[in-house]
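> what's the 3D shape of this:
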Amino acid sequence: MKRFAAAISSDVTARMKAVFSRQSMAVAGAAALLAGCSVIPKTETVESAPVVTETTPAPTPTALPTDAARHRVALLVPMSGDTAAVGQALANATTMALLDTNAKNLRITTYDTGESAGEAARQAIVDGNKLILGPLLASNVSAVQAQARAASVPAIAFSNDTSVASPDVFLMGHVPEQSVMRSVQYARERGSNSFASLVPEGDYGDRSSAALRNALRMYGGNLVATESYARGNTSIISAAQRLRTAGGYDTVLIADGARLATRAVGEIKRSGAQNTRILGTELWSGEQTLVNNADMEGALFAAVSDRRFRRFSQSYESRFGTKPYRIATLGYDAVLLSLRIAREWTVGDAFPAQRLFDPNGFVGVDGAFRFGPRGIAQRALEVRQVSGGTIVPVDAAPSSFAK
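Have a look, this model is predicted:
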């Protein structure tokens, strides 16, 4: 198990340690705010930190310096294996957040979950970390929790799998249920009444389908038909044909990414069904292929706002020489969240996890969010529409949860 020190102090430009990847990544994030204070990256004044690649030997309990003025926070992400590039993007984003805020009261150390998430968590606890950011994968949560729970160390995971949420594991991931609920609400307000859905086999499809049923119970409307299909082949076309043959709907939810959605929409809109309203999910965010298909005109989906995302992406690329994965914003916002809580957190004390349940929530790169009773991030989403060869916001996300 490898541990990568990434503590940031006042001499950050001389002493920062991090492992930066030069692999190409997908597009990402912008500046951020915390509830009650503005924390906006000033990319024009913050110099890029030197990039140092270092492999650290397995640490001992005394491997980290003694901290009297800084909170120890562990970042648990894969730095090796198939998802190492994503883990590196999250690690880079946390470093960027510390630089942008000039934080002097946090020491963040990255632990590699690529070999063993349980061992990474164990070492993080031994090293005295009071908060864990991560893991990335839902499949690693139980191993991390087994080590952290006994020490009363909470984790803020980057997963969107709501089944792993618990009183000591909070989820920051963007969940499809919230996107579906927001889109259905908007469509109902604009005349949609009879709904059908195309959903992939598996967990994502099941969750999207359940979210559609829940949304219709909440906002009204009828579920006319649901067709499922296997991802990775042409079965979405066959499912769309079956849906069109059945008919009786005015709105169709396609719970998949842009590539498969654009393959299915032509079948749905055949034979005089051009006015059928198409809904997507948060998977469509950032997908410009949507505008290349005329049948997608007028399609709607809900996602976190990209307003701050663009500035984040520019700042990230200027520092690390590559575009980040979209999920990297979660790493940035997790640091901002930690700094916000640190205002009422004494160094050496247990992390005050109850403060995460602030009903007014927090605001970061991805907009306003707060943790619900189950520890799942509730996000303020905007509705976007494919219109005239571009994708435009048609219903803004709330700026906060404050009443």
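> The chain: helices as residue ranges?
Along the chain, the segments classed as helices by DSSP state H run 12-15, 84-101, 117-126, 141-148, 176-189, 203-219, 235-246, 258-268, 309-320, 328-342.
> Make TSV out of the ones you listed and add mean neighbour count, mean pLDDT and distance to residue 353.
Where you see a C-beta, it was placed from the backbone N, CA and C, and this is true even at glycine. TSV is the format used below for the helices of the chain (neighbours: other CB atoms under 10 Å; pLDDT from 0 to 100; distance: least, CB to CB, whole Å):
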stretch	mean neighbour count	mean pLDDT	distance to residue 353
helix 12-15	14	32	28
helix 84-101	25	97	19
helix 117-126	23	97	15
helix 141-148	20	96	11
helix 176-189	22	97	22
helix 203-219	17	97	26
helix 235-246	18	94	42
helix 258-268	21	94	37
helix 309-320	20	96	27
helix 328-342	26	97	9
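> What's the end-to-end length of stretch 191-204?
End-to-end distance of stretch 191-204 (CA to CA, to the nearest Å): 27 Å.
> in that stretch, what counts as buried?
192, 195, 196, 197, 198, 199, 200, 204 (16 or more other CB atoms under 10 Å).
> ok, the closest residue to the third one other than its chain neighbours - contacts?
Nearest residue to residue 196 in three dimensions, chain neighbours excluded: residue 249, at 4.0 Å (CB to CB, 6 or more residues apart in numbering). By CB atoms under 8 Å, 6 or more residues apart in numbering, the contact list for residue 249 reads 194, 195, 196, 224, 225, 243, 276.
> ok, residue 269 - how many residues close by?
20 (other CB atoms under 10 Å).
> how close does it get to residue 252?
9 Å (CB to CB, to the nearest Å).
> Find residues that contact each of the two.
By CB under 8 Å, 6+ apart, the residues touching both residue 269 and residue 252 are residue 276.
> Just the endpoints, please. Distance across stretch 374-381?
Separation of the first and last residues of stretch 374-381 by CA to CA is 19 Å.
> Which positions in that stretch come out as buried?
Buried, per 16+ other CB under 10 Å, within stretch 374-381: 375, 376, 377, 379, 380, 381.
> repeat for stretch 75-86
Under the neighbour-count criterion of 16+ other CB under 10 Å, stretch 75-86 has 75, 76, 77, 78, 79, 83, 84, 85, 86 buried.
> I'd say the second one and residue 129 touch.
Looking back up the chat, that one is residue 76. No: judged on CB atoms under 8 Å, residue 76 makes no contact with residue 129 at a distance of 9.5 Å.
> Arrange the contacts of residue 249 in a markdown table, one row each, with distance to residue 343 as further columns.
Converted to a markdown table, these look like this (distance: CB to CB, whole Å):
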| residue | distance to residue 343 |
| --- | --- |
| 194 | 50 |
| 195 | 45 |
| 196 | 49 |
| 224 | 51 |
| 225 | 52 |
| 243 | 52 |
| 276 | 50 |
